[in-house]
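In: Predicted model, plus sequence, below.
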Amino acid sequence: MLIQIAWRNVWRNRTRSLVIVAAIALGLWAGIFSDAFMLGMTEQQVYNTIHTETGHVQINKPAFLVNHDLQLRMDNADSVLVGVRKTPGVKAAAARIQLMAMASTAANSAGIMVNGIDPDSQRSVSDLEKLLMEGAYFPSDRSNRILIGKQLAEKLKVRLNSRIVLTLQTAAGDITYSSFKVSGIFQSFDSEFDKQMVFVRKSELQPLLQLPQESASVITVLTNSLEDVDAVEQALQRQLPNLQVQNWKKLSPMVEVTVSTIMQFSLVFVGIILFALAFGIVNVMLMSVLDRTREIGMLMSIGMRPARVFRMILLETIFLSFTGAIIGVSLSAVSVAYFGKTGINLSSMSAGFNAVGFSSIVYPSLGLDFYANITLMVVVIALLAGVFPARRAIKMQPADALRGE
Amino acid sequence: MSVIQVNQLTKTYNETMVPVTALDHVNLSFARGEFTAIVGPSGCGKTTLLNMLGGLDKPSAGHVMIEGQDIAVMEGGALVDFRLHNIGFIFQSYNLIPVLTVKENVEFIMDLQNKPRAESDARVSYLLDAMGIADKINLRPKYLSGGQQQRVAVARALASKPKFILADEPTANLDSKSTETLLELMANLNEKEQVTFIFSTHDQRVIDKAHRIIVLEDGRVISDTAQTKSA
Ligand SMILES: Nc1ncnc2c1ncn2[C@@H]1O[C@H](COP(=O)(O)OP(=O)(O)O)[C@@H](O)[C@H]1O
Ligand SMILES: [Mg+2]
């Protein structure tokens, strides 16, 4: 019966209750949705980092990443690759040669990173082909083709089919030149990437650099899922004790830090909103208790223990808060699900987003555990907000309360 | 044997600038089955006395013994439980629970007592029948007239099977027709079921119905007389 009374009491002053319910609902909606937005953004950043730059796991010689020294290459990369592909949890793997070089045109020149890839196997570990704005991904009947990023194309003032001369240092330390024709221009989420990375065929790069056919400097691995990454990393490290095996978090520490910070921050953010709302809840419940002074005096007179009165007020606070929370969370769940499918297009401001490594279409996303945490937080906040008015109620002396001040 | 024994009961309100002695060494005793009116002008101490008898406020001095137990020394939850099981209350402004229906208002007190559902159901319909409001049981109090609400309050007070019922000016807000109906019902219950009523009033028509009249003046009992049924 206490539950029934408490629930009905919540709706006695309909306007007052609806106002606070609406405040809770809107506050939570705004908070949860912006969290989902941020989390979606970081999730995408993680996806992009993995699928264009690092893969889930990367294998190279120790110290190679310090300055991409061609001497620190794996001469038996192809046979390593065979073993890697057989490792449980591995979905795909590809080898490439990576070195620093100079790209020049008649108009300009730029320091770049040359990636010698095997177009077919690269396709299975990276989204490079999908990032092409124009042109084609290494047409099989054309040789000496190069893919470059949009920023680099602008800097070198080249278009499709323009020629670019790469200046490279061979394995022996000699300087060599070679001319490539632009077969495609890509745009990724990361303008730094688009400024620096160029892609050519590994099979054409190896003879230029006087490298054996089997050689490569980096092996990029995709696992079946994000959850497999750690296990695969460990298995590969055991299998290849002389090579450096690293997961994407170590390769892109900034992305990892952003993700974990945003995860924590998102709950703190909703927590702050709830905390602010708690003051509103306290206020409403206090008004409600004071309005009912005489009634509470009567309840205690006829035999309702203070502990029960206390519970009644707490229940009312919880009902009030939960009504708001349920509406707020439902609105959030629906809108997150909707925009999670369609995405939110930020292309009007995407220039800025790209510069810091975010994509222009954001798919808000939230895990079930996030909703569970929110629910827990609402319970805690409601209980905290209810204590003060409930204490106020049971401090009343029946005789005084009945006189009705 | 008396149900209530009041010895040297004194109440002084100290919260005011000048302390007010609302009850001044009052000695009284109430027997089972009484139908007693406490009368006197406004401010003479009627409410204060009823609050002391009901354990709603603490005396400054003296004792209120209910069947040998001194409720003046009871505290907190124990006192609330004592009220729940031994005393019925009727208030001037009805004080029903507005969010509950008539039926639920009466059930509520038995719910507090943890009475089995079947027992409380039976008692609710019996009482509301006796009070002549059986047709209103599913309405909320605000849809009832004052007289009807007060009859629900009487039913609620009786529901817990208390040793006695305290009513502070129960008819003060009622018109004369409702006052008459209510008093008739109360007198009936008193006569047929030996329910003990102690009520305060300054309405002469109510005083006329009482079997015993205690007159207060400035916190003192100035007369205590029996009155044979007449009027
Ligand atoms: N809480 C209180 N604080 C101070 N004085 C009070 C309080 N309650 C009652 N009094 C005073 O005690 C006296 C008796 O009051 P009360 O018992 O309410 O009289 P009655 O019910 O007969 O009108 C009055 O003078 C009143 O002003
Ligand atoms: Mg009074």
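Out: Received the coordinates, thanks. Ligands and ions are numbered 1, 2, ... in the order given.
In: so what's A:Met1 closest to, chain neighbours aside?
Out: Leaving aside its chain neighbours, A:Met1 sits nearest to B:Asp111 (4.7 Å; criterion: C-beta to C-beta, 6 or more residues apart in numbering or on different chains). Placement of C-beta: from N, CA and C, glycine included.
In: Give me the pLDDT for residue 228.
Out: The chain I'm using is chain A. With respect to pLDDT, A:Asp228 scores 91.
In: oops, chain B please
Out: 77.
In: Next, B:Arg3: secondary structure please.
Out: Arg isn't right for residue B:3; it's Val. strand (DSSP: H, G, I helix; E, B strand; the rest coil).
In: right, and the helix or strand after the host helix or strand of A:Ser34?
Out: Using DSSP states H and E, A:Ser34 sits in helix A:14-48. Once helix A:14-48 ends, the next helix or strand along the chain (criterion: DSSP H and E) is strand A:57-60.
In: where does the stretch 251-400 of chain A dip in pLDDT?
Out: For the stretch 251-400 of chain A, the stretches flagged by pLDDT under 70 are A:347-360.
In: same thing but 50
Out: The model of the stretch 251-400 of chain A has no residue with pLDDT under 50.
In: So which bits of stretch A:42-59 are buried?
Out: Across stretch A:42-59, burial judged by 16 or more other C-beta atoms under 10 Å in any protein chain shown covers A:42-46, A:48-59.
In: gap between whichever helix or strand the residue nearest to A:Met1 is part of and the chain center?
Out: Secondary structure assignment for B:Asp111, by DSSP H and E: helix B:102-112. Relative to the centre of its chain, helix B:102-112 is centred 17 Å away, using C-alpha atoms, centre = their mean, to the nearest Å.
In: What of stretch B:84-101?
Out: The answer for stretch B:84-101 is 10 Å, by C-alpha atoms, centre = their mean.
In: Convert the C-alpha atoms of that stretch to PDB, please.
Out: Extracted C-alpha coordinates of stretch B:84-101, given in PDB (Å, rounded to 0.1, in the frame of the first residue of the first chain):
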ATOM      1  CA  LEU B  84      -1.800   2.500  16.300                       C
ATOM      2  CA  HIS B  85      -3.100  -0.400  18.400                       C
ATOM      3  CA  ASN B  86      -4.800   1.400  21.200                       C
ATOM      4  CA  ILE B  87      -6.100   4.800  20.200                       C
ATOM      5  CA  GLY B  88      -8.400   6.000  17.400                       C
ATOM      6  CA  PHE B  89      -8.200   9.600  16.200                       C
ATOM      7  CA  ILE B  90     -10.800  11.800  14.600                       C
ATOM      8  CA  PHE B  91      -9.800  15.300  13.600                       C
ATOM      9  CA  GLN B  92     -11.700  18.600  13.100                       C
ATOM     10  CA  SER B  93     -10.700  18.800   9.500                       C
ATOM     11  CA  TYR B  94     -11.300  15.100   8.700                       C
ATOM     12  CA  ASN B  95      -7.700  14.500   7.600                       C
ATOM     13  CA  LEU B  96      -8.300  11.600   5.300                       C
ATOM     14  CA  ILE B  97      -5.600  10.600   2.900                       C
ATOM     15  CA  PRO B  98      -6.600  12.400  -0.300                       C
ATOM     16  CA  VAL B  99      -4.900  10.000  -2.700                       C
ATOM     17  CA  LEU B 100      -6.700   7.000  -1.300                       C
ATOM     18  CA  THR B 101     -10.300   6.000  -1.800                       C
END
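In: Not counting its own residues, what contacts stretch A:256-274?
Out: A:27-28, A:30-32, A:34-35, A:38-39, A:42-43, A:45-46, A:248-250, A:370, A:373-374, A:377-378, A:381 (C-beta atoms under 8 Å, 6 or more residues apart in numbering or on different chains).
In: If any of the residues you listed are buried, put those into a ChimeraX selection.
Out: The buried residues among the contacts of stretch A:256-274 can be selected in ChimeraX (16+ other C-beta under 10 Å) with this line:
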select /A:27,28,30,31,32,34,35,38,39,42,43,45,46,248,249,370,374,377,378,381
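In: What residues does the residue lying closest to A:Asn13 once chain neighbours are set aside make contact with?
Out: Distances taken as C-beta to C-beta, 6+ apart put A:Ser288 closest to A:Asn13, at 6.7 Å, once the chain neighbours are dropped. By C-beta under 8 Å, 6+ apart, the contact set of A:Ser288 is A:9, A:12-13, A:16, A:316, A:389.
In: how does chain A divide into domains?
Out: Here the domain parsing of chain A from automatic domain parsing is A:2-49+A:256-402, A:62-242.
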